[in-house]
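mind folding the following:
(chains A, B, C and D)
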Number of protein chains: 2
Amino acid sequence: MKMTLEEIARLAGCSRSTVSRVINHGPNVRAETRERVWKVIREHDFQPNLAARALAGRRSRVIGLVIPQPLSTIFTDPYFSMLIQGCATACDERGYYLMLSLVLRQADDTYRWLIRARHMDGLLLAPPLLDDPFVPHLLDKHLPLVMIGRIPGRTDIASVNVDNVKGASLATQHLLNLGYRRIATITGVLNLVGAIDRLEGYLCALRKAGIEPPPEYIQEGDWSEMSGKRAMERLLQFRPRPDAVFAASDSMAIGAIKAIQAAGLKVPDDIAVVGFDDMPSAAIADPPLTTIHHPIEKIGFLAAATLIEKLEIPATSMSETNVQHIVLPARLVIRMSCGQALRCSAESAVT
Amino acid sequence: MKMTLEEIARLAGCSRSTVSRVINHGPNVRAETRERVWKVIREHDFQPNLAARALAGRRSRVIGLVIPQPLSTIFTDPYFSMLIQGCATACDERGYYLMLSLVLRQADDTYRWLIRARHMDGLLLAPPLLDDPFVPHLLDKHLPLVMIGRIPGRTDIASVNVDNVKGASLATQHLLNLGYRRIATITGVLNLVGAIDRLEGYLCALRKAGIEPPPEYIQEGDWSEMSGKRAMERLLQFRPRPDAVFAASDSMAIGAIKAIQAAGLKVPDDIAVVGFDDMPSAAIADPPLTTIHHPIEKIGFLAAATLIEKLEIPATSMSETNVQHIVLPARLVIRMSCGQALRCSAESAVT
DNA sequence: CGTCCGCCTGGGAGCGCTCCCAAGCTTTTC
DNA sequence: GAAAAGCTTGGGAGCGCTCCCAGGCGGACG
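Numbers count the residues shown, from 1 in each chain, chains lettered A, B, ... in the order given. So this is what the prediction gives:
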């Protein structure tokens, strides 16, 4: 027997409309009726037809997560796995579906398709490259959209982000507090805002302490362990050799540690290392990595939750006045690689 | 102006039905009319409402890819990235949408949800663990389903697979041809059919040559590089030390190479190594890895194409008689790690 | 005791398509 | 040259919901 609202209504002895109200948690249904309807629904394992709902209700309850990166990147960096987890959880809780919009075809096509084909009610946009030419197309249309990360100069777009500048600054400050003065950094790919912000945080902290690092102390990586290793090898060439390194990601920090160890030096005794992101790998690194906690999953969760909220109260979302910008604080996680234990200078590094 | 079939019809001077026929590439439309309608559609960037199509046509044109593995695994192993790429390409070409059914919640819930919520027309099932208790639920319902890989003893389910047994056998045979006799293996997780099949291929080839490997020559890994390294370290303990190793994945082969090199030995001079999968990393390994080519993307493509075909010709799909089983051949890719160059014994290893 | 206002409930009118049948027109066939 | 058999084309009848309005019912109020 094919189940429809009508059929459930017949079995529960009420009307289609009442069943619909029950399913959508609408008001104005007597408690007793509500319970009776739920019982029938449960008994028959009924699930309303999504296509019909979408057609009649003019919304699909699907939101898309656009990750403007090649598939190989997405499926290599645990960052995205955690981000998706967070988004998916928020969607689940609110009865929405998360659809990954993998950019497979040439960018041009895909973005146009995304914009036109409104089979999603809104879009979540993962951090795009600064020079991605198609992101503006996405932003111009009046698709409800929430950014993960931020685009410099675009305060008109709702966003959820971690405080990268503050986090990097916290990491650098911690090294300064421990007495290091020759602090180098390994940055992420610098056409990603997050990498730029982290570099800025590093520079800010140093400058506040009256230190201007030599340009050679700033080496660009690409987030990968290998690139961290390479960057560290370059840093090891330079004299005076740095006594501490802030890497903009844990992977790169781990690469750096490997380079240091391969050169016959010790972490943190000879060179201290601090990472960023607090990935699972940071805790099990050797030595365990001091790092900045980056609540990636929470960011995904909040981004999805924000978008859905916009969708459900369109009145508010339309008013350009109050665009939400959520910035989560970054937190220092002290482990072994910074040498705090060694130096015993447990001065007020964190709070 | 909101665009609908009706509106396009008005602009093209024909009826809703004709426009529908054009969009669906139906027969019985005069060439001239067809062209006129397309022109209007293109001009207005029209895309039919998916919800309405799904409701009226009783199919969503969405197929789900179920990967019964934790998210962290999916987003770590490039295997899935390639698989998805293949599936998505096939879907794209046929106007279908691929939806990743990430198993986020506890398995029980999710599978029930997958089965009930028919917002997809069919399912693609990535290789499940042998003891996954919920896969049978998926198979019992009459959801159109195509397996990637195979489940032993279930010949009633359409499947697309690489010939793992033959591939492993090819790899081992190649080592035998080169004169190696103490050939060890590093297997994948043995509750995955692929791993078992590859082990079987290895054993078959050895036994055919009259060799019975000591049990210590068979070490289980978990597909990861680290596990390959660990397994190789165990193999290096054993006497007589193996002179060649067949690893059931390239990652593990690379880990094995690192272990061999860390022990002060050379590949392939002291120990030859052959991998499986022919991942991009195999070609750039040091030394470049001899391996078995595994057409993952093609498998994904064929699986999706097969499913869609089933969907479009339901008459055929219903007849239990001819369930498709596609088995793609595995191919030996000779590079440096097997020592063929060294030994110059270029006897008919491959064809 | 009648009126008003709330809470419930039922059903009509679509949402934008696909499917199907019938009507018009053109071609074939004997 | 008329009937039969194509091609095209148009429009009705849903698909299973949501939205909205109208009506029934009860209690609070004057």
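
which residues in the stretch 1-150 of chain A form strands?
Remark: strands assigned in the stretch 1-150 of chain A by DSSP state E, counting those that start in this stretch are A:62-67, A:97-102, A:122-125, A:145-148.

ok, which of the ones you listed comes nearest DNA strand C?
strand A:62-67 (16.3 Å; C-beta to the nearest atom of the strand). Any C-beta I mention is one placed from the backbone N, CA and C, and that applies to glycine too.

what mean pLDDT would you report for that closest one?
Mean per-residue pLDDT for strand A:62-67: 90.

near DNA strand D, anything from it?
No: counting by C-beta under 7 Å from any atom of the strand, no contacts exist between strand A:62-67 and DNA strand D, the nearest distance being 14.5 Å.

can you list the strands that that strand pairs with?
strand A:97-102 (parallel), strand A:122-125 (parallel) (DSSP bridges).

show the average pLDDT along the longest one.
Just to be clear, that refers to strand A:97-102. 82.

swap in stretch A:151-158?
Across stretch A:151-158, the average pLDDT comes to 88.

is residue A:293 bridged to anything, and to what?
residue A:277, residue A:331.

OK, contacts around it?
A:277-278, A:330-333 (C-beta atoms under 8 Å, 6 or more residues apart in numbering or on different chains).

most neighbours, which of those?
Highest neighbour count within those: residue A:277, with 28 neighbours (other C-beta atoms under 10 Å in any protein chain shown).

that one contacts residue A:289, doesn't it?
No: assessed by C-beta atoms under 8 Å, residue A:277 is found out of contact with residue A:289, at 9.7 Å.

quick check: neighbours shared by those two?
Contacts common to residue A:277 and residue A:289, judged by C-beta under 8 Å, 6+ apart, are residue A:250.

for the residue in the stretch 101-250 of chain A that DNA strand D sits nearest to, grab the count of nearby residues.
Per C-beta to the nearest atom of the strand, residue A:121 is where the stretch 101-250 of chain A lies closest to DNA strand D, at 12.3 Å. Using other C-beta under 10 Å, residue A:121 is surrounded by 22 other residues.

where do the helices sit along the stretch 51-200 of chain A?
A:71-74, A:78-93, A:107-116, A:135-140, A:164-177, A:193-208 (DSSP state H, counting those that start in this stretch).

and what of the stretch 251-351 of chain A?
Using DSSP H, counting those that start in this stretch, helices in the stretch 251-351 of chain A cover A:280-283, A:296-312, A:314-318, A:340-343.

identify whichever of these lies nearest to residue B:264.
Checking the helices of the stretch 251-351 of chain A against residue B:264 by C-beta to C-beta gives helix A:280-283 as the closest, at 27.8 Å.

before we move on, back to that, which one of the helices of the stretch 251-351 of chain A lies nearest to chain B?
helix A:280-283 (8.3 Å; C-beta to the nearest C-beta).

list the contacts for the closest residue to residue A:204 other than its chain neighbours?
Nearest non-adjacent residue to residue A:204, counting by C-beta to C-beta, 6 or more residues apart in numbering or on different chains: residue A:169, 5.3 Å away. Shown in contact with residue A:169 (C-beta under 8 Å, 6+ apart): A:201-202, A:204-205.

state the distance from residue A:169 to residue A:183.
Computed as C-beta to C-beta, to the nearest Å, the residue A:169 to residue A:183 distance reads 12 Å.

residues in contact with both of the two, list them for me.
With C-beta under 8 Å, 6+ apart, residue A:169 and residue A:183 have common neighbours residue A:202.

quick one: distance of stretch A:150-170 to the chain centre.
Taking the mean of its C-alpha atoms, stretch A:150-170 sits 11 Å from the chain's own mean (C-alpha atoms, centre = their mean, to the nearest Å).
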